[in-house]
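Trainee: when you get a sec, could you give me coordinates for this:
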Amino acid sequence: MSSAIAQPLAETGHPARARRLKVAIWGFCLLLVAGIWAVVVQQIGFERQQAVDDAVRQNVNRSIAFEQFVRRTLEAADLVTRYAAGRFARGDAGPEFVGTPDRPALIAGSVARGGTFVGVTIADARGDIVASSLPGAPRINLAAHPAFRAHIARDDEGLFVSPPLPSRIPGQNLIWLSRRLNNPDGSFAGVIAINILPSQFIAFYRNAQVNPGDIMVVVGLDGIARARRAGTTETSGEDMRGTAVMRRQMQNPNGTHLGPSVLDGKVRYFSHRRLGNYGLFVTYGVLESEVLAASALRARIFIAGAILVSLIIIAFAALLTLYLSRRERREAELARANERLQEAQRIGQIGDWEYDLGTGAVYWSPQLCAQFERTPEQGSPSFEEFQAYLNEEGRAAIDRAHSEAIRTGESQEIEYEVRLPSGVESRHQGVVIPSFDGAGRVVRLHGTDQNVTARMLLDRLQTHVAHLSRVEAMNAMAATLAHELNQPLTAASNYLVGSRRRLKSGTAQEVEQGMIAAENQVHLAANIIRRVREMVVNQPKAVASVSLSRVIDDAVALAAPAGLFPRLRLTKELAADARGVKGDRIQVQQVLVNLIRNACDATDGRPDPEIVISARRDEAGSVTVRVADNGSGFSQPEQDRFSPFASTKNSGLGLGLSISRTIIEAHGGRIWTENGESGGASVSFTLPAPRRQADRESRTAAA
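Mentor: This is a model prediction of the structure:
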């Protein structure tokens with residue numbers, strides 16, 4: 001569309017055609033804005049309805065669980081009372097159920113062991129308590145009690161659930177679950193009643209995580225609440241007759257409605273279900289504001305986004321006729337950036353897997369399947385199919401890692417070779433992590449798998465490049481090395497010639513002094529050769545305690561030999577607690593050679609060149625080494641200074657700082673650069689302090 005608009009705009013300068021084109025642009029943008037707002041409004045309505053549907057579904061499930069819990073509680077009481085009623089109807093109630101008002105029988109056994117009951121009481125036809133599960137129950141007549149009177153005139157064999165009533169025995173409100181007792185001839189024999197606390201009806205949610213605004217109530221069809229919980233507050237006995245929830249319950253025993261709460265007037269979604277056999281129903285309510293909170297937040301985000309997009313589109317329409325070509329270039333660059341991002345994500349993919357030890361089922365993530373050249377249709381392989389990718393060594397390593405993870409219960413790391421169906425061989429690194437069941441047995445293994453072939457090749461390449469860098473450094477020093485060796489060897493030759501002459505005319509002491517001086521010059525030449533040899537030998541990394549002073553001296557001798565920079569003033573400032581580091585001496589020396597050589601190049605041509613090499617301890621227990629100069633400073637941006645092949649020198653490869661960062665980070669340290677406020681620059685890096693030195697300082701600090 002952009003090119004189609006830009007071409008006619010560029011080809012004609014006619015005002016009428018330009019205006020028509022602008023009108024077309026504005027018309028299109030306004031239609032686009034209207035479409036965006038239509039989509040936003042539709043999405044807001046959809047998400048709001050989705051939130052309501054999800055909340056209602058969850059609330060119905062809560063009310064069902066609530067109803068089942070209350071029903072089980074009542075059924076337990078129903079079972080006990082039916083058992084006692086059956087005994088009375090057969091005439092074999094027994095002494096455990098029938099006593100006298102003066103000496104009530106003590107109800108024991110399974111009847112009285114219900115964990116949810118406060119007590120079990122049996123009253124005779126006159127209302128006197130003749131049996132109780134509470135020892136020492138006082139003499140009480142229940143003839144006027146609602147739980148007793150409810151059974152005098154009717155015999156419906158149902159369980160009566162009373163409203164919460166005060167009780168003198170436990171000193172708090174109780175709900176009476178009572179049933180009529182009949183003699184064998186069908187006449188009224190009394191009442192058996194089970195007492196429970198109102199809170200027992202809502203104990204199901206006592207330890208559950210519920211929102212503070214949730215309300216759950218057990219209500220009788222008489223309109224009296226048996227138990228009620230709002231947040232963490234539990235009450236009972238509220239009169240709910242005439243309320244909306246009672247009207248809704250009468251219209252539909254099992255349903256959901258939106259309305260205000262009697263308790264606080266806040267609007268909630270209430271789901272209610274009736275317990276038909278017991279004259280009760282349960283209701284659970286959640287705040288409408290909490291249900292719609294997430295969708296309301298997203299609606300605000302959508303609206304803000306729509307406003308922002310609308311403003312952008314309008315501004316874009318105003319500038320489109322002037323900047324169409326620039327927009328095309330930006331879109332092309334964005335497309336290329338997206339392609340590069342997608343390629344980078346593909347290269348850095350990592351897959352995960354899971355293996356069920358019981359069933360043998362294996363799951364691979366789509367990314368892992370792609371790494372092993374498996375199509376989506378093939379899906380996850382079996383464990384045997386996975387082993388087909390491995391050689392004998394890899395299969396043994398996998399089996400060993402699985403066995404160790406199962407035996408020790410600890411994660412295992414493993415590397416193995418993989419041969420893909422295409423014939424490509426690669427190196428993979430995996431992690432095996434065990435999962436346990438409730439008894440602590442390992443039942444599943446899961447982990448990750450990553451192709452590390454490229455990383456291993458890069459590590460080997462970096463090692464090789466570091467070696468080439470050292471060799472290149474020696475090539476750069478070849479010319480000065482001849483001069484350095486010529487000085488001590490010439491001096492040694494002169495001392496030897498002089499000593500030979502003094503053998504004829506001099507004293508033995510003079511001859512000895514000449515020989516000693518010649519020996520010292522030869523040793524100096526040998527030290528120069530030793531330093532060069534250590535620098536170019538590609539030997540494996542050997543981490544040990546290293547004398548920082550000696551490493552600096554060797555690096556100075558290699559990077560800035562005497563005579564090459566005659567005016568250079570080089571100062572070494574080492575703190576007393578920073579004279580040693582832990583690392584590979586040759587690699588640390590290489591870092592210092594790179595930094596000192598860069599500093600020498602930076603100060604070359606200045607009338608007073610100066611380099612300061614300092615070291616100090618930091619609070620983390622590491623040693624910070626700093627190489628500072630008074631040169632021209634860094635000209636590149638900070639993010640480019642450590643990039644490989646980025647050099648400001650005509651003859652430089654741009655690898656010095658890149659290799660130095662690789663070496664320092666491999667030692668667990670970090671490296672950074674700074675430009676001085678008054679000129680010059682510095683490069684600092686950290687290395688771990690030797691263990692014994694760190695331990696000694698820790699003991700000193702503790703003392």
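Trainee: any low-confidence regions in the stretch 201-350 of the chain?
Mentor: For the stretch 201-350 of the chain, applying pLDDT under 70 flags the ranges 206-208, 321-332, 338-349.
Trainee: how does it look with 50?
Mentor: 341-342, 344-345 (pLDDT under 50).
Trainee: can you show me the helices along it?
Mentor: Under the criterion DSSP state H, counting those that start in this stretch, the stretch 201-350 of the chain carries helices at the ranges 244-251, 288-291, 293-319, 324-347.
Trainee: what of the stretch 351-500 of the chain?
Mentor: According to DSSP H, counting those that start in this stretch, the helices that the stretch 351-500 of the chain contains are 366-371, 383-387, 392-408, 453-505.
Trainee: put the alpha carbons of stretch 185-201 into CSV.
Mentor: Provided in CSV are the C-alpha atoms of stretch 185-201 (Å, rounded to 0.1, in the frame of the first residue of the first chain):
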residue,chain,number,x,y,z
ASP,A,185,-46.9,-50.3,69.0
GLY,A,186,-46.1,-47.0,67.1
SER,A,187,-46.8,-44.7,70.0
PHE,A,188,-44.6,-41.7,70.8
ALA,A,189,-41.6,-42.9,72.9
GLY,A,190,-39.5,-39.7,72.9
VAL,A,191,-36.8,-38.0,70.8
ILE,A,192,-33.1,-38.7,70.1
ALA,A,193,-31.1,-35.5,69.4
ILE,A,194,-27.5,-34.9,68.2
ASN,A,195,-26.0,-31.6,69.0
ILE,A,196,-23.4,-30.0,66.7
LEU,A,197,-21.8,-26.6,66.6
PRO,A,198,-23.0,-24.3,63.8
SER,A,199,-19.4,-23.9,62.7
GLN,A,200,-19.3,-27.6,61.9
PHE,A,201,-21.4,-27.0,58.8
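Trainee: mind checking the pLDDT average for stretch 662-669?
Mentor: Averaging pLDDT along stretch 662-669 gives 86.
Trainee: list of residues touching that stretch?
Mentor: The set of residues external to stretch 662-669 that reach it, using C-beta atoms under 8 Å, 6 or more residues apart in numbering, is 462, 466, 541, 543, 582-584, 587-588, 590-591, 622, 670-671, 685-688. Yep, even glycine has a C-beta here, placed from its N, CA and C like the rest.
Trainee: of those residues, which belong to strands?
Mentor: When DSSP state E defines the strands, the subset of the contacts of stretch 662-669 inside them is 543, 582-584, 622, 671, 685-688.
Trainee: report how many residues lie close to the closest residue to Asp604 other than its chain neighbours.
Mentor: Nearest residue to Asp604 in three dimensions, chain neighbours excluded: Phe565, at 7.3 Å (C-beta to C-beta, 6 or more residues apart in numbering). Using other C-beta atoms under 10 Å, Phe565 has 18 other residues around it.
Trainee: thinking Phe565 is in contact with Cys600, fair?
Mentor: Yes: Phe565 sits in contact with Cys600 when judged by C-beta atoms under 8 Å, with a separation of 5.8 Å.
Trainee: identify the contacts common to these two.
Mentor: Counting by C-beta under 8 Å, 6+ apart, the common neighbours of Phe565 and Cys600 are Pro609.
Trainee: mind naming the longest helix for this protein?
Mentor: The single longest helix within the chain, with elements called by DSSP state H, is helix 15-90.
Trainee: got any ranges where the protein has weak pLDDT?
Mentor: Of all residues in the chain, those with pLDDT under 50 make up the ranges 1-13, 341-342, 344-345, 479-480, 483, 702-703.
Trainee: show me the contacts for Cys369.
Mentor: Contacts here follow C-beta under 8 Å, 6+ apart; on that basis Cys369 touches 351, 375-376, 378-380.
Trainee: now the strands for the stretch 551-700 of the chain?
Mentor: All strands of the stretch 551-700 of the chain, identified by DSSP state E, counting those that start in this stretch, fall at 569-574, 580-584, 610-617, 622-629, 671-675, 681-688.
Trainee: no no, the stretch 51-200 of the chain
Mentor: Under DSSP E, counting those that start in this stretch, the stretch 51-200 of the chain gives strands at 105-106, 119-123, 129-132, 160-161, 165-166, 173-182, 188-196.
Trainee: tell me who's in contact with Ser295.
Mentor: The contact partners of Ser295, by C-beta under 8 Å, 6+ apart, come to 44, 47-48, 50-51.
Trainee: list the contacts of stretch 267-276.
Mentor: With C-beta under 8 Å, 6+ apart as the test, stretch 267-276 has contacts from 52, 55-56, 59-60, 62-64, 66-67, 70-71, 74, 213, 215, 221, 245, 248-249, 253-261, 280-289, 291.
Trainee: again, only using 6 Å
Mentor: Applying C-beta atoms under 6 Å, 6 or more residues apart in numbering, the external contacts of stretch 267-276 come out as 59-60, 63, 67, 71, 249, 253-254, 256-258, 260-261, 281-288.
Trainee: quick one, which of those residues are buried?
Mentor: Restricting these to buried positions leaves 59-60, 63, 67, 71, 249, 256-257, 261, 281-288, with burial counted as 16 or more other C-beta atoms under 10 Å.
Trainee: quick one, what contacts Ile196?
Mentor: Contacts for Ile196 (C-beta under 6 Å, 6+ apart) come out as 116-118, 175.
Trainee: still on that earlier bit, including neighbour count, could the contacts of Cys369 go into CSV?
Mentor: CSV is the format used below for these (neighbours: other C-beta atoms under 10 Å):
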residue, neighbour count
Gly351, 20
Thr375, 8
Pro376, 8
Gln378, 12
Gly379, 12
Ser380, 18
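Trainee: tell me the one of those residues nearest Gly91?
Mentor: Of all those, the one sitting nearest Gly91 is Ser380; the distance, using C-beta to C-beta, is 69.7 Å.
Trainee: give me phi/psi at the closest one?
Mentor: phi -70, psi 140 (degrees, to the nearest 10).
Trainee: measure it to Val362 for me?
Mentor: With distances taken as C-beta to C-beta, to the nearest Å, Ser380 is found 5 Å from Val362.
Trainee: for Glu512, give me its contacts.
Mentor: Contact criterion C-beta under 6 Å, 6+ apart gives no residues in contact with Glu512.
Trainee: now Ser310. Nearest residue, chain neighbours left out?
Mentor: Spatial nearest neighbour of Ser310, chain neighbours left out: Val33 (4.8 Å); criterion: C-beta to C-beta, 6+ apart.
Trainee: go ahead and confirm the one you found touches Val309.
Mentor: No: contact criterion C-beta atoms under 6 Å: Val33 and Val309 do not qualify, at 7.9 Å.
Trainee: ok, and what's touching stretch 410-426?
Mentor: Applying C-beta under 6 Å, 6+ apart, the set of residues contacting stretch 410-426 from outside is 373, 389-391, 394, 397, 401, 404-405, 428-433, 451, 453.
Trainee: rerun that using 8 Å as the cut-off
Mentor: 372-373, 389-391, 393-394, 397-398, 401-402, 404-405, 427-434, 447, 451-453.
Trainee: in that stretch, which residues are buried?
Mentor: Neighbour-count burial for stretch 410-426 flags 412, 414, 416, 418, 426 (criterion: 16+ other C-beta under 10 Å).
Trainee: how is the protein carved up into domains?
Mentor: The chain resolves into domains spanning 91-196, 351-451, 543-703 when parsed by automatic domain parsing.
Trainee: next, the buried residues of stretch 185-204.
Mentor: In stretch 185-204, the ones that count as buried by 16+ other C-beta under 10 Å are 189-204.
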